[in-house]
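Peer 1: Here you go, sequence then predicted model.
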Amino acid sequence: MRPLSLRIRSRGFTLIELLVVIAIIAILIALLVPAVQKVRAAAARTQCINNMKNIGLAMHGYHDVYKKLPPGWVTSPAAQPNPGWSWQLMILPNIEQGALYNTIAPNVVTPAGPPAVNATLITPLPVFMCPSDNSITTNTNFGGYGKTNYVCNRWVLGPDANSLPAAYTIQGIPDGSSNTYIIGERDISYNTAGSTLIRHNNSSCSFEGRAGRGITPVPVPASTPWTTGQDQRLAFSSQHTGGCNFTFADGTVRFVSNSVSADPNDNWTNFPTSALDASWQNYTLQKLQVPNDGLPVDLSGIN
C-alpha cells in the first residue's frame, strides 16, 4: 500500500484561474481609483475652505484693530503706484505668523517696495495655498517669490483706480458684507496664481482678481497656461471641480460655480470708475465684486 503522503497530490492554480483573479483585481482597482480621487479632491476642497475661513477671520481681526480692512497692497499718495507689500503680509499677525512679520519687519508707513527674493519670502505658508493646485511653492511668474492661491477683491480692499488707498470698513460696504466677496482663488496649473506677501511689478494679478468674463477660463491647450501678459491672468480660477471658493466680507466661504453669470463682454483688465456700469447690472459675478452698485443679488445658487 502506498503511503498517504504519496496519495495526496498538491494542486496549484491553473493559468485560467490566475487570469480570472488578475482580471477581478483589475476591475476592483478601476472601481476604487475614482473613489479615492474623489475623496482626495473633497479633502483638498475642505482644506481650501478652512484656509479661506482663517483668512476671513484674520481680515476681521485686522479690522478690529485698525477699524478698516487691510489694504490690497500697501501704498500711499507719495509712494503710489510703486509695487509693495500686499494684504497677506498685513494679516500675518492675525494668522499666528507674528514671528514671520517681525522677521520681515516691513516698512508699511512709507512703503518703497519689498526687498529682493530671500529665504524668508519664499517660505511656504500653507494657509495661503490650495492643496488642489500644483505643489509648486514658488512662483516664477512673479520673480520667484512664494506662491499664493488666494487673491483679493481690489474694489473692497483698494487701492483704487488711481492707485490710492481705498479700503472699506466691513460695516461700510454699501451692498452689505454678505453680498460682497473679498478673497477668491487662482490656480497655477492653468493660470498665474499670485505672489505671497507682495504686489509684484509684473502685474497687479499678483495680489488681486477680477470678475471679467467668468471663472476659470481654460487655455487651449491647457498645457500652455495664461501668462502675465494676457487678460485672463486676472481671472479667479481653481483646480476644484466646477468652481471656486470665495471668502465674503462677513467671513463666510461660498463655492461659486464656473457657470455663474458673468458679463461676456467684460475684460478681466477692466477697472470701471463707475459703480453703476450699465453692462454689469445683470450679472451675478460682477454684482458680487462691486461693493457699491446698489443692486440686489440672488445667492440661492451659491453654496
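Peer 2: Received, thanks. Numbering: from 1, shown residues only.

Peer 1: How far does whichever strand or helix holds Q286 sit from its chain's centre?
Peer 2: Here Q286, judged by DSSP states H and E, is contained in helix 284-289. Helix 284-289 has its C-alpha centroid displaced from the chain centroid by 17 Å (CA atoms, centre = their mean, to the nearest Å).

Peer 1: Repeat that for stretch 226-241.
Peer 2: 10 Å.

Peer 1: likewise stretch 224-238?
Peer 2: For stretch 224-238, the distance to the chain centre is 13 Å (CA atoms, centre = their mean).

Peer 1: what's the span of that stretch, first residue to last?
Peer 2: Start to finish, the residues bounding stretch 224-238 are 16 Å apart (CA to CA, to the nearest Å).

Peer 1: coming back round to it: now the helix holding Q286: average pLDDT?
Peer 2: The average pLDDT within helix 284-289 is 94.

Peer 1: ditto for stretch 271-279
Peer 2: 68.

Peer 1: Check the separation of the first and last residues in it.
Peer 2: 13 Å.

Peer 1: In the stretch 201-303 of the chain, where is pLDDT below threshold?
Peer 2: Scanning the stretch 201-303 of the chain for pLDDT under 70 picks out the ranges 273-278.

Peer 1: run the last query once more with 80
Peer 2: Scanning the stretch 201-303 of the chain with the threshold set as pLDDT under 80 gives 272-281, 300-301, 303.

Peer 1: how about the strands in it?
Peer 2: Here the stretch 201-303 of the chain has its strands, by DSSP state E, counting those that start in this stretch, at 208-209, 243-248, 253-257.

Peer 1: right, so these: which one is the most enclosed?
Peer 2: Neighbour counts (mean count of other CB atoms under 10 Å) averaged over each of the strands of the stretch 201-303 of the chain peak at strand 208-209, with a mean of 27. Any C-beta I mention is one placed from the backbone N, CA and C, and that applies to glycine too.

Peer 1: what's in contact with that strand?
Peer 2: 72, 151-154, 184, 186, 234-236 (CB atoms under 8 Å, 6 or more residues apart in numbering).

Peer 1: gap between it and the chain center?
Peer 2: 9 Å.

Peer 1: and N50, how far is that from Q97?
Peer 2: 16 Å (CB to CB, to the nearest Å).

Peer 1: Looking only at neighbour counts, state which of these two leads.
Peer 2: Q97 (20 against 12; other CB atoms under 10 Å).

Peer 1: The more buried one contacts P126, doesn't it?
Peer 2: No: using CB atoms under 8 Å, Q97 is not in contact with P126, being 11.0 Å away.

Peer 1: ranges for the helices of this structure?
Peer 2: In the chain, the helices defined using DSSP state H lie at 4-7, 15-66, 87-90, 98-104, 154-157, 284-289.

Peer 1: closest to N282 out of the strands of the stretch 201-303 of the chain?
Peer 2: Nearest to N282 among the strands of the stretch 201-303 of the chain is strand 253-257; the distance by CB to CB comes to 16.8 Å.

Peer 1: Summarise which helices and strands that closest one is packed against.
Peer 2: helix 15-66, strand 243-248 (3 or more CB pairs under 8 Å, 6 or more residues apart in numbering; DSSP states H and E).

Peer 1: Just the angle for it relative to strand 243-248, thanks.
Peer 2: Counting by axes from the mean of the first three to the mean of the last three CA atoms, to 10 degrees, strand 253-257 lies at 140 degrees to strand 243-248.
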